[in-house]
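Participant: next one to model:
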Amino acid sequence: MHNYGFWSVIPPLLAIVLAIRTKQVYISLLLGIWLSWIIIDHGNLFSGTYDAIMALVDVFKDAGNTKTIMFSALVGGLIILIQKSGGVSGFVRWIDQKLGGLQPEHLDKNRKKIQFFAWLTGVLIFVETSISSLTVGTVFRPVFDKLNIPREKLAYIADSSSAPTSIIIPFNAWGAFIIGLLLTQGFEDGFGVLFKAMRYNFYPFLALLLVIIVIFFKWNIGPMKKAEKRALEQGKVLSDTAKPMISENLTAVHSIAKKDKVINMIVPLTIMVLMMPVTLILDGWQKASENLGNGISLEKIFYAIGKGSGSTAVLIAVLTAIFAAMILYKSQKIATFTGMFDWILKGISEMMPLALLMLLAFAISHVTKELGTGQFVAQLTKDFLSPSIVPFIIFILAAFIAFATGTSWGTFAIMIPIAVQMAHSLHVNPYLTIAAVLSGGVFGDHSSPISDTTIISSMASASDHIDHVKTQLPYALIAGGLAALLFLISGYFVT
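Facilitator: Modelled structure (predicted):
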């Protein structure tokens, strides 16, 4: 691979800074992709532009990318089905009854309750981050709107309860991926190493705890404070300049059912959530059988989950949920299959901006790999570190790589081999250094506007994407700062 040095960092940073400053996220990402290929082609504008266009096409060569983009589009079909069936309005009415009519005198108490339930839902769905964020955003958005809780707050809760939980409870594709990386570094018991490292995995625990503090102590700071004030005083769940990732054609769909039923929302979403681990098991079962033999055991099930394809699982999960919803609504005579297919197509069309954004995010993630952005940043400081500050530096490097590339998984792949080698050569606690990589990767990914988890959280909550990034960033930085301090302290005391 060619070494582009400092130039490898410029395009992703430019895209991120421009997106935050201008709120033109599509143009910013396109400029970042284009500049990256100009650098790769040594300043040749013609070939660089051509390669940038071809890079967008090549995104679909990766089956995982294609499945994720399809999932993002099909979600629109599921959302419109649930709304048309009266599932969403039925859920709002059910919550209204449970909370005693959402009376104004109980507004503060009810706002805390519903935000906590949203957080808890995200925590419980630890199998896959996209399903977690999607479920939290879709289920709780109408209730949040009724209680005048800003969409930015919903996106923050959905985002902050997905990836942090998935890394803490590693019985999913995240855990399997990390265990696989650890096995390549010579560890015989990858799960055991990951489990021992988890006690030092500071950022995810702090991020989850911080959401609870924000909810129950109403600790709204920076842009989030402005959003809360706007929502409470003006009744605006979105800012006047917001461009939600889902248009009102999806969020303001009215029920055509004779009777609104909460079951019309709960059944499809429950099926979608349950189909995720089922598909992972089925997809990974052959590999599990090859390594662990025939028969059924808990160990084999978890192994299969780890070997299954996450992108395949989310796609099958949403397709199954759509199919189940159509059967359920047809049995209630809400609509014909032809009519429901028309709704689904309308929902898909409304999600095309999100699909485009996912395409651009995948493209810039790929080109940063071509540039060697992660390797350059990682190699920059690893040769002149004192052992005591190694965990702190590894955390900072992993966070920067994940922020610039928009991927925690890519960061893990780059940094875990480097961290393990540094731990061995400098006699640093290996579990602490591995935890620093995991924490840094989740922190950077959590903060990055080009991360797929950040994008899906904005989409599911129907929030303006950059507004979500801006309101979430202060909290991510606080948790990240505390985590960095803990890694710095631990470097001196953990041996």
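Participant: can you give me the helices for the stretch 1-150 of the chain?
Facilitator: Secondary structure of the stretch 1-150 of the chain by DSSP state H, counting those that start in this stretch: the helices cover 10-22, 25-40, 45-58, 63-84, 87-98, 107-124, 129-146.
Participant: can you give me the buried ones in the shortest one?
Facilitator: So the one you mean is helix 87-98. For helix 87-98, burial by neighbour count (16 or more other CB atoms under 10 Å) applies to 87, 88, 89, 90, 91, 92, 94, 95. To be clear about C-beta, it is placed using only N, CA and C from the backbone, and glycine gets the same treatment.
Participant: next: the first one.
Facilitator: Judged by neighbour count using 16+ other CB under 10 Å, the buried positions of helix 10-22 are 10, 11, 12, 15, 16, 18, 19.
Participant: could you dump those residues into TSV with pLDDT added?
Facilitator: Converted to TSV, the buried residues of helix 10-22 look like this (pLDDT from 0 to 100):
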residue	pLDDT
10	86
11	86
12	80
15	81
16	76
18	82
19	76
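Participant: closest one of these to residue 109?
Facilitator: residue 19 (37.4 Å; CB to CB).
Participant: give me every residue that touches residue 388.
Facilitator: 491, 492 (CB atoms under 8 Å, 6 or more residues apart in numbering).
Participant: with distance to residue 156 added, can I get the helices of the stretch 1-150 of the chain in JSON lines?
Facilitator: Shown next, in JSON lines, are the helices of the stretch 1-150 of the chain (distance: least, CB to CB, whole Å):
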{"stretch": "helix 10-22", "distance to residue 156": "16"}
{"stretch": "helix 25-40", "distance to residue 156": "18"}
{"stretch": "helix 45-58", "distance to residue 156": "30"}
{"stretch": "helix 63-84", "distance to residue 156": "20"}
{"stretch": "helix 87-98", "distance to residue 156": "20"}
{"stretch": "helix 107-124", "distance to residue 156": "10"}
{"stretch": "helix 129-146", "distance to residue 156": "11"}
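Participant: re earlier: could you dump the buried residues of helix 10-22 to JSON lines with distance to residue 360?
Facilitator: Below are the buried residues of helix 10-22 laid out as JSON lines (distance: CB to CB, whole Å):
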{"residue": "10", "distance to residue 360": "17"}
{"residue": "11", "distance to residue 360": "13"}
{"residue": "12", "distance to residue 360": "12"}
{"residue": "15", "distance to residue 360": "9"}
{"residue": "16", "distance to residue 360": "13"}
{"residue": "18", "distance to residue 360": "13"}
{"residue": "19", "distance to residue 360": "10"}
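Participant: picking up where we left off before, which one of the buried residues of helix 87-98 is nearest residue 139?
Facilitator: residue 91 (6.9 Å).
Participant: residue contacts, the closest one?
Facilitator: Taking CB under 8 Å, 6+ apart, one finds 139, 142, 143, 262, 265, 266 in contact with residue 91.
Participant: ok, now residue 205?
Facilitator: So residue 205 contacts 164, 168 (CB under 8 Å, 6+ apart).
Participant: so what's residue 320 up against?
Facilitator: Residue 320 touches 271, 272, 275, counting by CB under 8 Å, 6+ apart.
Participant: now residue 398
Facilitator: Counting by CB under 8 Å, 6+ apart, the residues that residue 398 touches are 411, 415, 436, 437, 438, 439, 440, 441, 443, 444.
Participant: against residue 492, how distant is the third one?
Facilitator: By that I understand residue 436. Using CB to CB, to the nearest Å, residue 436 is found at 14 Å from residue 492.
Participant: which of those two has more residues huddled nearby?
Facilitator: Neighbours were counted for residue 436 and for residue 492 using other CB atoms under 10 Å; residue 436 has more, 35 against 12.
Participant: farthest pair in the buried residues of helix 10-22?
Facilitator: 10 and 19 (14.8 Å).
Participant: between the helix or strand harbouring residue 482 and helix 10-22, how big is the angle?
Facilitator: Taking DSSP states H and E as the criterion, residue 482 maps to helix 465-493. Here helix 465-493 points in a direction 130 degrees away from that of helix 10-22 (axes from the mean of the first three to the mean of the last three CA atoms, to 10 degrees).
Participant: buried residues, helix 465-493. List them.
Facilitator: Quick answer for helix 465-493 (16+ other CB under 10 Å): 465-473, 475-476, 478-480, 482-484, 486-488, 490-491.
Participant: who does it touch, helix- and strand-wise?
Facilitator: helix 10-22, helix 151-160, helix 202-216, helix 222-234, helix 390-405, helix 430-447, helix 452-460 (3 or more CB pairs under 8 Å, 6 or more residues apart in numbering; DSSP states H and E).
Participant: and residue 286, how many neighbours?
Facilitator: That count, for residue 286 with other CB under 10 Å as the rule, works out to 11.
Participant: in a strand, it, correct?
Facilitator: No - counting by DSSP: H, G, I helix; E, B strand; the rest coil, residue 286 falls outside a strand, being helix.
Participant: roughly how far does it sit from residue 174?
Facilitator: Where residue 174 is concerned, residue 286 sits at a distance of 21 Å (CB to CB).
Participant: and if you look at residue 293?
Facilitator: 26 Å.
Participant: check residue 216 too.
Facilitator: 28 Å.
Participant: more neighbours, those two?
Facilitator: residue 174 (27 against 11).
Participant: hmm, who's touching the helix or strand hosting that one?
Facilitator: Here residue 174, judged by DSSP H and E, is contained in helix 173-184. With CB under 8 Å, 6+ apart as the test, helix 173-184 has contacts from 128-129, 166-167, 170, 190-191, 193-194, 280, 303, 305-310, 313, 409, 412-413, 416-417, 420, 434, 438.
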